[in-house]
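> One predicted model, sequence on top.
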Amino acid sequence: MSLPSHFLPSLTPIPPSLTLLSPLQELEHIFSPDTIIIDLRLSTEEGGFNAKHETDADADAGGTDDFETAFARGWVERLLGVGMKVIARGEAGEDWEDWEQVVQRAAGLLSAFAGHCAAGPTTRTFLLPAPPLSASLPFDLPFPLPTPPPTRPPSSLSPYPIPSSPTFAFLPISLTIRDATLLASSTGFRTWGSSHVLSRHLSLSPSYFFLPLKEELKVLELGSGTGLVGLAAAAVLSRNDAKARVTMTDIDEDALENLRGNLERNEEVMRGVQVQVEKLDWESFLPGGADNIKETTRYDLILGADLIYEPSHSLLIHATVSSLLRFPLPSDSDSTRPAFHLVLPLRRTHVVEHEGFDSLFREGGEGRTVDCEGKKWRLRTKERKDEVGRDGFG
């Protein structure tokens with residue numbers, strides 16, 4: 001690997017603009033690769049969960065020590081200052097277009113050095129574990145289980161079906177997600193760490209999350225943001241030939257536009273599952289909000305990741321889930337009862353918000369009671385699990 005301290009040229013005297021484009025390209029190759037792959041097939045303990053197994057270029061960046069990174073950043077900062085002075089003083093002459101390119105690319109690299117918050121839009125590929133395909137799943141397999149040949153004893157068969165086609169059933173699920181800049185006014189422009197955790201579990205344990213219903217399974221994601229969780233749910237359901245409809249929601253118009261773009265990027269891995277994007281305002285479900293929305297679709301499964309940032313969010317989520325989660329039926333078993341799955345990061349700065357959530361969604365005790373359709377209902381926490389993961393953007 002070429003080290004920045006070895007290939008970056010001196011800026012005194014000021015070199016020709018054309019000689020600066022090549023080292024800039026090399027720095028971009030190391031610190032700002034075009035393609036980023038987030039491998040979620042391994043748990044945190046196994047080296048996965050937001051561990052970036054990216055392009056060869058990014059692998060090189062992983063091998064760049066602190067000294068080389070600081071050296072490269074300092075050089076780019078000086079180059080940016082030199083380039084802006086050359087342009088401002090009119091010293092660029094016929095090379096002004098090249099100097100403009102130098103300044104723009106240097107500024108882009110500084111954004112990359114500053115991290116995700118300052119960086120521009122990025123497109124990343126998330127790799128999820130191949131969902132287990134077995135007779136225990138509540139869906140029909142997309143292919144028949146193999147029959148052992150007469151000369152081969154059944155006990156020697158692999159516990160996993162080995163289809164001749166389609167082989168994609170054993171490949172990881174690949175989702176392409178565009179993150180915009182966080183400075184674009186909404187947290188919905190970033191793929192947060194909690195969505196990594198929930199998406200991985202959806203892929204690993206589909207029979208735990210997705211109800212074995214004879215009719216269409218209705219899935220809702222709250223606060224979808226970039227849509228990783230909703231798209232993962234749709235992809236897993238598609239892998240298992242499930243009859244399902246997944247609705248991804250958010251409130252910010254710009255975030256919704258980015259979400260629709262991510263849906264289009266991943267349509268191929270969600271065949272057979274209806275997926276839609278809708279605007280949803282949680283305040284509409286408070287008393288008096290939007291006339292209480294008298295007619296709404298109720299969902300068998302509601303998903304959410306990292307939804308609570310303010311103390312008021314817990315009450316909004318409770319009102320929304322109470323209004324949109326399907327009522328349990330007398331015939332429901334533990335495996336068919338409607339459920340709301342939420343992953344929250346345990347941030348020290350959000351203790352009040354977490355306590356508010358726990359007071360509304362009590363574990364086995366008296367939670368908040370809501371009146372709906374002439375009956376009193378209560379949402380309660382059935383199961384809670386703590387898991388080690390990485391917070392932030394991954």
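That came through, no problem.
> Only C-alpha atoms from now on, for both contacts and neighbour counts.
OK.
> what is the mean pLDDT for stretch 7-19?
For stretch 7-19, mean pLDDT rounds to 94.
> May I have the distance across that stretch, first residue to last?
Stretch 7-19 has an end-to-end distance of 12 Å (criterion: Cα to Cα, to the nearest Å).
> again, but for stretch 113-123
By Cα to Cα, one end of stretch 113-123 lies 17 Å from the other end.
> And the helices in this structure, which stretches?
For the chain, the helices defined by DSSP state H cover 4-7, 18-31, 56-62, 66-88, 96-114, 193-204, 206-209, 228-239, 253-265, 312-324, 351-360.
> Would you reformat these as TSV and include distance to Leu127 and mean neighbour count?
Output for the helices of the chain, formatted as TSV (distance: least, Cα to Cα, whole Å; neighbours: other Cα atoms under 10 Å):
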stretch	distance to Leu127	mean neighbour count
helix 4-7	31	14
helix 18-31	21	17
helix 56-62	16	17
helix 66-88	28	16
helix 96-114	23	18
helix 193-204	9	23
helix 206-209	16	18
helix 228-239	10	27
helix 253-265	15	19
helix 312-324	29	19
helix 351-360	30	16
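> mean pLDDT lowest for which of those helices?
Comparing mean pLDDT over these, the weakest stretch is helix 56-62, at a mean of 41.
> Relative to Leu324, how far out is Pro206?
Relative to Leu324, Pro206 is positioned 22 Å away (Cα to Cα).
> same deal with Leu42?
Counting by Cα to Cα - Leu42 and Leu324 are separated by 33 Å.
> what does Asp98 give?
Using Cα to Cα, we find Asp98 at a distance of 56 Å from Leu324.
> How about Asp300?
To Leu324, Asp300 is 9 Å away according to Cα to Cα.
> do the same with Ser195
Taken as Cα to Cα, the span from Ser195 to Leu324 is 21 Å.
> what does Gln104 give?
Distance, Gln104 to Leu324, using Cα to Cα: 48 Å.
> What of Leu231?
Between Leu231 and Leu324 the computed distance is 20 Å (Cα to Cα).
> next one: Pro338
Using Cα to Cα, one obtains 11 Å as the distance from Pro338 to Leu324.
> Overlap in contacts, those two.
Residues touching both Pro338 and Leu324 (Cα atoms under 8 Å, 6 or more residues apart in numbering) are Tyr299.
> mind giving me CSV with the helices of the chain and columns for distance to Val273?
Listed next are the helices of the chain as CSV, based on distance: least, Cα to Cα, whole Å:
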stretch, distance to Val273
helix 4-7, 48
helix 18-31, 38
helix 56-62, 34
helix 66-88, 45
helix 96-114, 37
helix 193-204, 16
helix 206-209, 15
helix 228-239, 6
helix 253-265, 12
helix 312-324, 20
helix 351-360, 32
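> For Arg384, find the nearest of the ones you listed.
Comparing the helices of the chain by their distance to Arg384 (Cα to Cα), the top pick is helix 351-360, with 10.9 Å.
> and that closest one with helix 312-324, angle?
Interaxial angle, helix 351-360 versus helix 312-324 (axes from the mean of the first three to the mean of the last three Cα atoms, to 10 degrees): 30 degrees.
> who does helix 351-360 touch, helix- and strand-wise?
On a contact count with 3 or more Cα pairs under 8 Å, 6 or more residues apart in numbering; DSSP states H and E, helix 351-360 meets helix 312-324.
> what's the distance between the helix it packs on and the middle of its chain?
22 Å (Cα atoms, centre = their mean, to the nearest Å).
> Tell me which other helices or strands that helix touches.
Using 3+ Cα pairs under 8 Å, 6+ apart, the elements in contact with helix 312-324 are helix 351-360.
> Tell me the spatial nearest neighbour of the spatially most central residue of the chain, not counting adjacent residues.
Nearest to the geometric centre of the chain sits Leu228, at 3.4 Å (Cα atoms, centre = their mean). Nearest residue to Leu228, sequence neighbours excluded (Cα to Cα, 6 or more residues apart in numbering): Ser195, at 6.5 Å.
> contacting residues for that neighbour?
By Cα under 8 Å, 6+ apart, the contact list for Ser195 reads Leu228, Val229, Ala305, Asp306, Val343.
> 10 Å instead?
201, 224-230, 232, 303-306, 342-344, 391, 393-394 (Cα atoms under 10 Å, 6 or more residues apart in numbering).
> Ok, Glu97 next?
Applying Cα under 10 Å, 6+ apart, we find Glu97 in contact with Ser17, Ile87, Val103.
> repeat that with 8 Å
For Glu97, the contact set (Cα under 8 Å, 6+ apart) is empty.
> again with Leu24
Leu24 is in contact with Val102, Arg105, Ala106, counting by Cα under 8 Å, 6+ apart.
> Can you give me the neighbour number for Gly227?
The number of residues packed near Gly227 is 31, by other Cα atoms under 10 Å.
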